[in-house]
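# quick one, structure for this:
(one chain, ligands or ions: 1)
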Amino acid sequence: MATHVNAGNIQGDILAGGLPKKTQTFIFFQIIDGKKFVQDLVELAPLIKTVEQVLKDRDDIAKHKKEKKGGLIKMVGVNISLSYTGLRAMGISDDKMAGTSLSADTGVFMGGAVKDAPDLNDPIVGGKPDWEPTFLGQIDGAILVAGDSHPTVEEKVRQVNAVFGNDSAHSSIKVIKSIVGDVRPGEEDGHEHFGFLDGVSNPLIAGFDPVVPGPAPIDAKFILTGHSTTQSDWTADGSFLVFRYLFQMVPEFNSFLDNNAIKTDPITSKPLPKDQGRELFGARIVGRWKSGAPVDISPFHDDPDLVKDPKRNNDFLFTDEFRDNNKCPWAAHIRRTNPRADSTRGVNANAIDNRRIIRRGIAFGPEVTAEEQSSGATKLGRGLLFACYQANINDAFKFIQKFWANNPTFPFIGADPLPGFTPGFDPIIGQAPQSTPREMTGYDPLTANDPSQAPLRMPNFVVPRGGGYFFTPSLKTLREFGSLTSA
Ligand code: HEM
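The predicted structure follows:
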């Protein structure tokens, strides 16, 4: 039987499309008075938006759109997550975490994101990840405030601060960094900074989300903690939040697309106009066109209507091309991060339900300026506040980054269907070890499966500058942390 989703007990960003947002502030903090903080969480609980409330928000938004009233409904939601050091600062001992989901991931959550960064091939400088100093220090928790506008979010942030104690001398927390993310303007609404529609494919939860054609729904236990055995524990209805502060080198990425535009039309074998060749190349490294249409369904031209149809936009498994790399390169970002049937067939067949993540990122930073575009060089910081939820960080986010995106031979492990062929790194997020070139093959449809093709060298377009591993507890646990600390 599918794990029951108790929508009133789960923080709202985790399921049902997450906190509705045009803007979102991430507040990273340290706990300075653990005892008070535990009491403050009881007061904070009524301010936390649950999945139940998100479902209602989504109905309200749909109704508002139908009535064509224009503008946005005033809407805001708060969620809170805690790191291992945060739980310890609250007085929760390792004994209380033993035997729960918090200790079930070979120490990845407890070790923390800084310790894990070298394992993800994040660049290291002076023995440390090349991150902003704040993220190298202790971060005990993250508060997410998402809403329709900056004033609505700012008003809510003030309310949240008041709960912990506005006066810095008496506050239970110290804010160490706030980052504001914003949905991009105009036509780019919902698109990340490289220009591709984001947030199209997320796992469906069995018995909870409406079923549409595509990858089969997964049990909620792969996203929610505390449900992996029949005996649930105090982590039940929680989830792990992985945050990555990812900067994107947009002008450099655009030059890369220009310089490597596909030259020949794969159907007619005639020369392809430069702009079309550029868009085709871009679509092949992501696995979707900028509109969000998947190349596996529409391989050689964009089809913006396709992505608007939820019954079609995820309805592919990479099944018809085991020996045919022409539709979607093996290294393409969406094939690497959710290989669908690539990993569920052959001798190494493995169900990948435990590798799925629910993504809730938002763009940050300004649009590219005319000067940046003409010089081809990034001057202003921008990128993705990447956030994802899962029941086990080691099995999901970390596995995807380390064993899929950063692994040039994936999915050809064991039985190699294309002898001598190396797909290469995920062109968007794949990170090579420091002295290894970042390369991919299969980008040109005409030579896509040819083992003798020259690999394409790729600079880094995504630069990690921080991160954090957090636990997002249920509402019940938020109110009852006191009982875990007193015993
Ligand atoms: C700046 C960095 C990133 C950019 C620009 C980016 C961009 C995209 C885009 C455009 C899509 C396709 C649309 C969609 O299905 O939402 C996508 C899908 C996806 N990305 Fe990323 N992404 C980034 C980082 C990451 C990271 C760090 C991970 C995990 C390690 C990740 C995992 C995924 C997954 C799982 C999918 C869905 C694949 C599917 O189910 O088809 N992405 N990303």
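
# check whether stretch 241-261 contacts the ligand.
Yes. Contact of stretch 241-261 with the ligand (C-beta under 6 Å from any ligand atom) involves 244, 246, 248. (C-beta placed from N, C-alpha, C; glycine too.)

# and the first one, helix, strand or coil?
Following DSSP: H, G, I helix; E, B strand; the rest coil, Arg244 is assigned to strand.

# excluding chain neighbours, what is closest to it?
Phe386 (4.1 Å; C-beta to C-beta, 6 or more residues apart in numbering).

# do Leu41 as well
Counting by C-beta to C-beta, 6+ apart, the residue nearest Leu41 is Leu478, at 5.1 Å.

# got the phi/psi numbers for the one you found?
phi -50, psi -40 (degrees, to the nearest 10).

# cool, and Glu439?
According to degrees, to the nearest 10, Glu439 has phi -130, psi 160.

# swap in Leu197?
phi -60, psi 130.

# before we move on, back to that, quick one: the helix or strand where the residue nearest to Arg244 lies to chain centroid distance?
Using DSSP states H and E, Phe386 maps to strand 383-390. Strand 383-390 has its C-alpha centroid displaced from the chain centroid by 3 Å (C-alpha atoms, centre = their mean, to the nearest Å).

# can you list the strands that that strand pairs with?
strand 239-248 (antiparallel), strand 358-359 (antiparallel), strand 362-364 (antiparallel) (DSSP bridges).

# give the buried residues for the last one.
Residues of strand 362-364 classed as buried: 362-364 (neighbour count, 16 or more other C-beta atoms under 10 Å).

# residues of the next helix or strand after it that come out buried?
For strand 362-364, the following helix or strand on the C-terminal side (DSSP H and E) is helix 370-375. Judged by neighbour count using 16+ other C-beta under 10 Å, the buried positions of helix 370-375 are Glu372.

# wait, the residue nearest to Arg244 touches Phe247, no?
No. Using C-beta atoms under 8 Å, Phe386 makes no contact with Phe247, being 10.9 Å away.

# now the strands for the stretch 101-250 of the chain?
124-125, 128-129, 141-147, 173-182, 239-248 (DSSP state E, counting those that start in this stretch).

# among those, which comes closest to Lys290?
strand 239-248 (14.4 Å; C-beta to C-beta).

# angle of that closest one against strand 173-182?
Calculated by axes from the mean of the first three to the mean of the last three C-alpha atoms, to 10 degrees, strand 239-248 forms an angle of 60 degrees with strand 173-182.

# chain center to strand 239-248, what's the gap?
Distance, centroid of strand 239-248 to centroid of chain: 6 Å (C-alpha atoms, centre = their mean).

# can I get that strand in CSV, CA atoms only?
Once non-C-alpha atoms are left out, strand 239-248 reads as follows in CSV (Å, rounded to 0.1, in the frame of the first residue of the first chain):
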residue,chain,number,x,y,z
SER,A,239,12.1,15.5,4.3
PHE,A,240,15.8,16.5,3.6
LEU,A,241,16.3,19.8,1.9
VAL,A,242,19.5,20.1,-0.2
PHE,A,243,20.4,23.7,-1.0
ARG,A,244,23.1,24.6,-3.6
TYR,A,245,24.1,28.2,-4.3
LEU,A,246,24.9,27.8,-8.0
PHE,A,247,26.2,30.7,-10.1
GLN,A,248,25.6,30.6,-13.9
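
# now that strand: mean pLDDT?
Here strand 239-248 scores 98 as its mean pLDDT.

# between the following helix or strand past it and strand 383-390, how big is the angle?
As assigned by DSSP H and E, the chain's next helix or strand after strand 239-248 is helix 250-259. Between helix 250-259 and strand 383-390, the angle comes out at 90 degrees (the same axes, to 10 degrees).

# can you name every helix or strand that helix 250-259 contacts?
helix 274-286, helix 370-375 (3 or more C-beta pairs under 8 Å, 6 or more residues apart in numbering; DSSP states H and E).

# quick check: which of those helices is nearest to the ligand?
Minimum separation from the ligand across the helices and strands packed on helix 250-259 (C-beta to the nearest ligand atom) falls at helix 274-286, 5.2 Å.

# with the ligand in mind, check whether the next helix-or-strand element following that closest one reaches it.
Once helix 274-286 ends, the next helix or strand along the chain (criterion: DSSP H and E) is helix 304-308. No. Against the ligand, helix 304-308 shows no contacts by C-beta under 6 Å from any ligand atom, the least distance being 9.1 Å.

# same for helix 304-308, what does it pack against?
Partner elements for helix 304-308 (3+ C-beta pairs under 8 Å, 6+ apart): none found.

# now that helix: buried residues?
306-307.

# do stretch 338-358 as well
338-346, 352-358.

# overlap between these and the residues near the ligand?
Among those, the ligand is touched by 338, 357 when using C-beta under 6 Å from any ligand atom.

# just give me the least confident of the buried residues of stretch 338-358.
Gly346 (58).

# pLDDT weak spots in the stretch 351-487 of the chain?
Residues of the stretch 351-487 of the chain meeting the criterion pLDDT under 70: 413-417, 486-487.

# burial of the residue of it found nearest the ligand, as a residue count?
At 3.9 Å from the ligand, Leu384 is the closest residue in the stretch 351-487 of the chain, using C-beta to the nearest ligand atom. By the criterion of other C-beta atoms under 10 Å, Leu384 has 23 neighbours.

# and the gap between it and Ser269?
According to C-beta to C-beta, to the nearest Å, Leu384 stands 37 Å off from Ser269.

# Asp167 now?
Distance, Asp167 to Ser269, using C-beta to C-beta: 72 Å.

# now do the buried residues in stretch 25-34.
So for stretch 25-34, counting by 16+ other C-beta under 10 Å, buried means 25-34.

# using CSV, list the CA coordinates for it.
Taking Å, rounded to 0.1, in the frame of the first residue of the first chain, the C-alpha atoms of stretch 25-34 are listed here in CSV:
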residue,chain,number,x,y,z
THR,A,25,14.0,34.7,0.5
PHE,A,26,16.3,32.1,1.9
ILE,A,27,17.4,33.1,5.5
PHE,A,28,20.3,31.2,6.8
PHE,A,29,20.8,31.4,10.6
GLN,A,30,22.8,30.2,13.6
ILE,A,31,21.0,29.2,16.8
ILE,A,32,22.4,31.2,19.8
ASP,A,33,19.9,30.2,22.4
GLY,A,34,18.8,26.5,21.8
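
# that concludes my questions; thank you for your assistance.
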